[in-house]
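Enquirer: need a structure here:
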Amino acid sequence: MKIKRVVFSAGASAFYFDDQKAIKGGAGHDGFVYTGVPVTSGFRRIREPGQSVSVLLELENGAVASGDCAAVQYSGAGGRDPLFLAEVFIPFLEKHVKPKLEGREVDSFRGLAAEFEALTVDGKRLHTAIRYGLSQALLDARAVATNRLKCQVVCEEYGLPVSAEPVRIFGQCGDSRYENVDKMILKRVDALPHGLINNIEEKLGRDGGKLREYVRWLRDRVNALRMDEGYRPTLHIDVYGTIGDLLGNDAAKVAGYIASLGGETGGLELYIEGPVDMGGREAQIEKLGAIRRELHKLGSPVKTVADEWCNTLEDIRLFTDAKCCEMVQVKTPDLGGIQETVEAVLYCQKHGMEAYQGGTCNETDVSARACVHAAMATRPRLILAKPGMGFDEGFCIVNNEMRRIMAVLGK
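Expert: As a prediction, the model looks like this:
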């Protein structure tokens, strides 16, 4: 089956691009927007509307396969590619990508995706968002051409067993960290709440007290709202390096504080994502490893998760090999092609690292559903409910796609 025609369409993502450095630096609020001057290159304001580009592949039989190019909320931070703007990249796609797609035989998702993953223009690889959306469309095209589910294509091409068992879902609350938690508990989400602890003054507290009180509230809220004792969600909180910022990135102090949070959970499992941000990959690996060793000395069961500076497949392999944490986030748009997500999860599993197939609130329904198929094939520890920050919408998209796959495979 050949690709007859390629079309690109500008679209909106489900959230916004935020200048993380400005926010961590103390940017103020004015309603939904932030006040102050952006500091990350490419930003015209601290919060900008998210954008996407749909890649539409018309096949010989008239069917149209699709994928959405999208980039993370905190674009330009932590070693990531810059803002992804449709008006900039659609002309680029028309010139450099479209001619290489039209007329191509869709004979292998993995092979085609790898080819475009390695493609360079003027010595530079394609923006991660382009590789992400293009690979989704190629996976969809292969599935359409062979009358199979996308997860079945991944399983076949990577030699994986096909399973109808669900993958645990992780809900993110955004700044509505109380009301959205109630929604998560009512819908029995497996892990919660993410928390968005990205500012010391407002969310962590100058003595760490605000986050401590929040953990206590989470514990009490789960106990108050759950319908049965068997519902014991994992608490997973992303702190964006603010604990390290508060405590001078001292591994022993950071570990001591994290361990103390573990004592507030009432026995619920606790993961802390991004306890420090050291400004570079090697320093991040070293400091996370030191924190993990200190936690083990304390006998703490709290687990740490790598996020910042763990962006690419190469990064994930290095963090995993160093055993500097218990879990890595496979942040799907940051890896580029979705085949890189598949390979990252499989590498983690092979080497004893828990994999959280994450992503960003700033994706689309199309990219989120494609990620469900990758997860159903590779079986990561968690998959993020996305896109958006309202929880319900992302949970609906991810959960329902997963249930549809399970229903088909279970017959």
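Enquirer: rest of the way, CA atoms for contacts and neighbours
Expert: Fine.
Enquirer: So what does the nearest residue to D392 once chain neighbours are set aside look like in phi/psi?
Expert: In space, and not counting its chain neighbours, D392 is closest to K183: 7.5 Å by C-alpha to C-alpha, 6 or more residues apart in numbering. With angles defined as degrees, to the nearest 10, K183 sits at phi -60, psi -40.
Enquirer: all helices of the stretch 1-150 of the chain, in order?
Expert: With DSSP state H, counting those that start in this stretch as the criterion, the stretch 1-150 of the chain has helices at 20-24, 86-96, 98-101, 109-118, 128-146, 150-158.
Enquirer: so how far is the fourth one from its chain's centroid?
Expert: The one in question is helix 109-118. 21 Å (C-alpha atoms, centre = their mean, to the nearest Å).
Enquirer: Equivalent analysis for the shortest one, please.
Expert: On the basis of C-alpha atoms, centre = their mean, helix 98-101 is displaced by 28 Å from the centre of the chain it belongs to.
Enquirer: Now do it: everything it contacts.
Expert: Defining contact as C-alpha atoms under 8 Å, 6 or more residues apart in numbering, one finds that helix 98-101 is touched by I3, V6.
Enquirer: And that helix, what's buried?
Expert: Residues of helix 98-101 classed as buried by neighbour count (16 or more other C-alpha atoms under 10 Å): K98, L101.
Enquirer: one step back: looking at the helices of the stretch 1-150 of the chain, which one is packed in the most?
Expert: Counting by mean count of other C-alpha atoms under 10 Å, helix 128-146 has the highest mean neighbour count of the helices of the stretch 1-150 of the chain, with a mean of 26.
Enquirer: angle of that one against helix 150-158?
Expert: Orientation of helix 128-146 against helix 150-158 (axes from the mean of the first three to the mean of the last three C-alpha atoms, to 10 degrees) gives an angle of 90 degrees.
Enquirer: can you give me the angle helix 128-146 makes with helix 109-118?
Expert: Using the same axes, to 10 degrees: helix 128-146 against helix 109-118 is 160 degrees.
Enquirer: Can you show me the CA trace of helix 128-146 as CSV?
Expert: Output of helix 128-146 as CSV, limited to C-alpha atoms (Å, rounded to 0.1, in the frame of the first residue of the first chain):
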residue,chain,number,x,y,z
THR,A,128,11.2,16.2,18.0
ALA,A,129,7.5,17.3,17.5
ILE,A,130,7.8,16.5,13.7
ARG,A,131,9.3,13.1,14.3
TYR,A,132,6.6,12.4,16.9
GLY,A,133,3.7,13.2,14.7
LEU,A,134,5.2,11.7,11.6
SER,A,135,5.8,8.3,13.3
GLN,A,136,2.2,8.2,14.6
ALA,A,137,1.0,8.7,11.1
LEU,A,138,3.3,6.0,9.7
LEU,A,139,2.1,3.6,12.5
ASP,A,140,-1.5,4.3,11.7
ALA,A,141,-0.8,3.9,7.9
ARG,A,142,0.7,0.5,8.5
ALA,A,143,-2.2,-0.6,10.7
VAL,A,144,-4.8,0.6,8.1
ALA,A,145,-2.9,-1.1,5.3
THR,A,146,-2.8,-4.4,7.1
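Enquirer: how big is the angle separating that helix from helix 86-96?
Expert: Going by the same axes, to 10 degrees, helix 128-146 makes 60 degrees with helix 86-96.
Enquirer: Name the residues that touch helix 128-146?
Expert: Contacts of helix 128-146 (C-alpha under 8 Å, 6+ apart): 1, 53-57, 59, 63-71, 81, 84, 106-109, 112-113, 116-117, 149-150, 153, 332-339, 367, 370.
Enquirer: three-state assignment of A224?
Expert: Put simply, A224 is helix when judged by DSSP: H, G, I helix; E, B strand; the rest coil.
Enquirer: Please read the previous query as pertaining to L160.
Expert: Under three-state DSSP, L160 comes out as coil.
Enquirer: Quick check, it in contact with R379.
Expert: No. At 10.1 Å, L160 does not count as touching R379 under the criterion of C-alpha atoms under 8 Å.
Enquirer: between those two, who's got more neighbours?
Expert: When L160 is set against R379 and neighbours are counted by other C-alpha atoms under 10 Å, the residue ahead is R379, at 23 against 15.
Enquirer: Apart from its chain neighbours, what residue comes closest to that one?
Expert: Nearest residue to R379 in three dimensions, chain neighbours excluded: V167, at 6.4 Å (C-alpha to C-alpha, 6+ apart).
Enquirer: Any idea how many residues pack against that neighbour?
Expert: 19.
Enquirer: what about the most centrally placed residue in the chain, helix or strand, and which?
Expert: The residue lying closest to the centre of the chain (C-alpha atoms, centre = their mean) is G359, at 1.7 Å. G359 belongs to no helix or strand when assigned by DSSP states H and E.
Enquirer: sorry, back to before: got a quick PyMOL command for the buried subset of the contacts of helix 128-146?
Expert: Only the buried entries of those go into this PyMOL selection, using 16+ other C-alpha under 10 Å:
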select buried, resi 1+53+54+55+56+57+59+64+65+66+67+68+69+70+71+81+84+106+109+112+113+116+117+149+150+153+332+333+334+335+336+337+338+339+367+370
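Enquirer: Show me the contacts of helix 128-146 that map onto strands.
Expert: V53, S54, V55, L56, L57, L59, V64, A65, S66, G67, D68, C69 (DSSP state E).
Enquirer: got the CA coordinates for stretch 18-38 in CSV?
Expert: The C-alpha trace of stretch 18-38 is given here as CSV (Å, rounded to 0.1, in the frame of the first residue of the first chain):
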residue,chain,number,x,y,z
ASP,A,18,5.0,27.7,29.5
ASP,A,19,8.4,29.2,30.2
GLN,A,20,9.5,26.9,33.0
LYS,A,21,12.6,29.0,33.9
ALA,A,22,10.6,32.1,34.4
ILE,A,23,8.0,30.3,36.5
LYS,A,24,10.6,28.7,38.7
GLY,A,25,12.1,32.1,39.0
GLY,A,26,9.0,33.5,40.7
ALA,A,27,6.7,34.7,37.9
GLY,A,28,3.5,36.0,39.3
HIS,A,29,-0.1,35.2,38.4
ASP,A,30,-2.8,37.3,36.8
GLY,A,31,-5.8,35.0,36.3
PHE,A,32,-4.7,32.2,34.0
VAL,A,33,-1.6,33.9,32.7
TYR,A,34,1.8,34.6,34.3
THR,A,35,3.2,38.1,34.8
GLY,A,36,6.7,39.1,34.1
VAL,A,37,9.2,38.8,31.2
PRO,A,38,9.9,35.5,29.6
